[in-house]
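J.: Predicted coordinates and the sequence they were generated for:
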Amino acid sequence: MKILIVGSGGREHAIAVSAAKSPKVDKIYCAPGNAGIGQIAQCVPIAAMEFEKLAAFAKEHAVDFTIIGMDDPLVGGIVDVFEQQGLKVFGPRKNAAVLEGSKAFSKDLMKKYNIPTAAYETFDDPNAALAYLKTADMPIVLKADGLALGKGVLICQTLEEAEKGVKTIMEEKKFGDAGARMVVEQFMTGREVSVLSFTDGKTIQIMSSAQDHKRAKDGDQGLNTGGMGTFSPSPFYTEEVDAFCRKHIYQATVDAMAAEGRPFVGVIFFGLMLTEDGPKVLEYNARFGDPEAQVVLPRMKNDMIEVMQACVEGRLDEIELEFEENAAVCVVLASDGYPIAYQKGYPIEGLDAFDNREDYFCFHAGTAVKDGKIVTNGGRVLGITAKGEDLVKARQKAYEAVSWVNFENKYMRHDIGKAIDDADVS
Ligand code: GLY
C-alpha cells in the first residue's frame with residue numbers, strides 16, 4: 001500500500017513510524033513532513049490546508065490510504081474533499097470534526113446527551129458575557145469557541161481577570177475568529193487524563209491512557225503550550241474510572257454524534273478531568289494528541305493501518321486493541337522562548353544515538369534539512385520517548401536520552417512525569 005500522512009509534527013512522525021511497521025505498507029508520503037519523517041517517508045511540499053492539491057497528489061501517485069494528523073484540515077473539511085474524489089481517508093468529515101472545531105457545539109452535545117462535563121454558558125455578545133460574569137463564582141474558565149492552537153482557554157481567578165479575558169477573546173480577538181463566540185465554563189479541579197480512541201461511527205475502541213504537561217515551565221508554571229511531555233499509561237486512570245467512562249462517556253459520545261447525523265470516523269481524543277464528583281469531559285479533540293501519540297502509538301501492538309482501515313470500512317468491532325504491558329515517557333525538547341519568541345536554524349547534534357535502539361524514539365517536530373544538516377525549525381523541536389517496564393524506569397530512560405542530542409537554545413521541562421511519584425506504580 002501507498003500511504004499519505006498529512007501534517008508535520010511529532011504526532012505525524014509517530015504515525016509514520018507506526019505505518020512503517022505495517023507489513024501492508026510499501027511507501028509512505030508525508031505532506032509537508034519534517035526532517036525526521038523524511039528519513040522514513042518521502043516528504044511532499046504541499047501545505048496541510050491545500051486540500052485540492054493534496055487530493056490531486058494522492059490520485060497522481062496512486063495513494064491507497066491517507067491519514068490526516070492535524071486538527072485544522074479536519075475541521076476545514078479535508079476528509080470531505082478526499083471522499084468526494086473517491087479517495088480512502090482516515091479522519092472525521094467536517095460535520096463530525098466540529099466536535100473539536102466548536103467548543104459550543106461539543107458542550108451542547110454533552111448537555112443534550114447527559115455526558116458529564118462542567119456547567120457552562122455560551123455567548124456571542126461580549127456585553128452579555130460581562131453581565132453574566134458579575135453573577136458567576138470565581139475562578140471561572142473562558143474558552144474561545146474555535147480552534148486556537150490549544151491557547152484559547154483562559155482560567156480567571158477574579159472578576160477583573162474574567163472581564164479582561166472577555167476583552168482579549170471577543171473584542172481584541174487575540175485568537176482571531178475563534179473568539180467570535182465564547183464558552184464560559186465552571187472551573188473544575190482534579191487530575192487531567194488524555195484518552196485516545198478509534199471509532200468507526202458505531203463501535204469505539206479505547207487506547208491506553210496518557211497524561212500531558214501543557215505549561216511551558218517546571219511545576220506547571222508559565223504559558224500554555226502544545227504540550228511539553230507525556231507519559232502513558234496514567235496510573236490515575238484506574239479500572240473504576242475506565243468503567244465509569246465506558247458507561248457514561250465513550251460510547252455515549254459516538255452514539256450522540258451518530259444520532260445528530262454526524263457519524264464520527266477517526267480518533268476521538270477525550271480530555272478528561274478526574275473530579276471529586278467523578279470523571280468529566282474537559283474537551284474533545286478530533287485527532288491524536290501531540291505529544292500523547294508519541295507515548296501511546298509506540299506501545300500499541302496492533303497494525304495501526306489495519307485498525308484505521310477497519311474504522312473507515314465500518315468494521316472496528318472485528319478488532320481488539322492491544323497494548324504492551326509497559327510504560328512510555330516523552331520529554332519534549334523545545335527552543336528556549338517557546339511558546340512566544342525563539343530562534344531557529346541551529347544544527348542538531350547526536351541524532352544517530354537513537355539508531356537501532358528498540359526502546360528509544362526521537363520523534364521530530366520542528367526540524368528541517370539545511371545544507372545537508374538537520375536544524376531546528378520550530379518551537380517544539382523533538383520528542384524524546386523511552387519505553388520501560390514501568391513509568392519510573394521509562395522516565396529515567398527518557399531523561400537519560402535527552403542528553404544524547406544537543407542544539408543551541410535547547411529547552412525542556414525537568415519534571416515530566418512528576419505525578420508518577422504520587423502514585424504507587426513501581
Ligand atoms: N496534547 C494536547 C493536544 O494534542 O491537543
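T.: Ah, there it is.

J.: hey, what's residue 66 bridged with?
T.: residue 4, residue 89 (DSSP bridges).

J.: need the contact list for it.
T.: By Cβ atoms under 8 Å, 6 or more residues apart in numbering, the contact list for residue 66 reads 3, 4, 5, 6, 54, 58, 82, 87, 88, 89, 90. C-betas here are computed from N, CA, C, even on glycine.

J.: can you do 7 Å?
T.: Applying Cβ atoms under 7 Å, 6 or more residues apart in numbering, we find residue 66 in contact with 4, 6, 58, 82, 87, 89, 90.

J.: count of residues packed around the residue lying closest to residue 81 once chain neighbours are set aside?
T.: Nearest residue to residue 81, sequence neighbours excluded (Cβ to Cβ, 6 or more residues apart in numbering): residue 51, at 4.2 Å. Close neighbours of residue 51, defined as other Cβ atoms under 10 Å, add up to 20.

J.: for residue 51, what are its contacts?
T.: With contacts defined as Cβ under 7 Å, 6+ apart, residue 51 is in contact with 73, 78, 81.

J.: Looking at those residues, spot the one nearest the ligand.
T.: residue 73 (14.8 Å; Cβ to the nearest ligand atom).

J.: By neighbours, which of the contacts of residue 66 wins?
T.: Neighbour counts for those (other Cβ under 10 Å) peak at residue 6, which has 31 neighbours.

J.: Paired strands for the worst-scoring helix or strand of the chain on mean pLDDT, with orientation please.
T.: Lowest by mean pLDDT, DSSP states H and E among the helices and strands of the chain is strand 221-224, with a mean of 91. According to DSSP bridges, strand 221-224 forms sheet pairs with strand 215-217 (antiparallel).

J.: what's in contact with the strand it pairs with?
T.: Defining contact as Cβ under 7 Å, 6+ apart, one finds that strand 215-217 is touched by 221, 222, 223, 224, 225, 228, 338, 339, 413.

J.: For the stretch 1-150 of the chain, list the residues in contact with the ligand, please.
T.: residue 150 (Cβ under 6 Å from any ligand atom).

J.: hmm, 8 Å instead?
T.: By Cβ under 8 Å from any ligand atom, the residues of the stretch 1-150 of the chain that approach the ligand are 11, 71, 150.

J.: Which single one of those is nearest to the ligand?
T.: Minimum distance to the ligand across those is 5.2 Å, recorded for residue 150 (Cβ to the nearest ligand atom).

J.: So the closest one is in contact with residue 223, correct?
T.: No - counting by Cβ atoms under 7 Å, residue 223 is not a contact partner of residue 150; they are 10.7 Å apart.

J.: Show me which of the two is the more surrounded one.
T.: Set residue 150 next to residue 223 and count neighbours by other Cβ under 10 Å: residue 150 wins out with 18 against 12.

J.: Tell me the helix or strand right after the least confident helix or strand of the chain.
T.: Of the helices and strands lying after strand 221-224 in sequence (DSSP states H and E), the nearest is strand 229-232.

J.: Low-confidence bits of this protein, can you list those?
T.: For the chain, applying pLDDT under 70 flags the ranges 424-426.

J.: Run through the helices of it in chain order.
T.: 10-21, 51-60, 71-76, 78-84, 94-101, 103-112, 126-133, 159-166, 239-245, 251-259, 293-296, 304-312, 391-401 (DSSP state H).

J.: quick one: which of the contacts of residue 51 is most hemmed in?
T.: Counting neighbours by other Cβ under 10 Å, residue 78 comes out on top of the contacts of residue 51 with 27 neighbours.

J.: Excluding residues flanking it in the chain, which one is nearest that residue?
T.: Leaving aside its sequence neighbours, residue 78 sits nearest to residue 51 (Cβ to Cβ, 6+ apart; 4.9 Å).

J.: Closest to residue 406 out of the residues of the stretch 1-150 of the chain next to the ligand?
T.: Each of those was scored against residue 406 by Cβ to Cβ, and residue 11 proved nearest at 23.7 Å.
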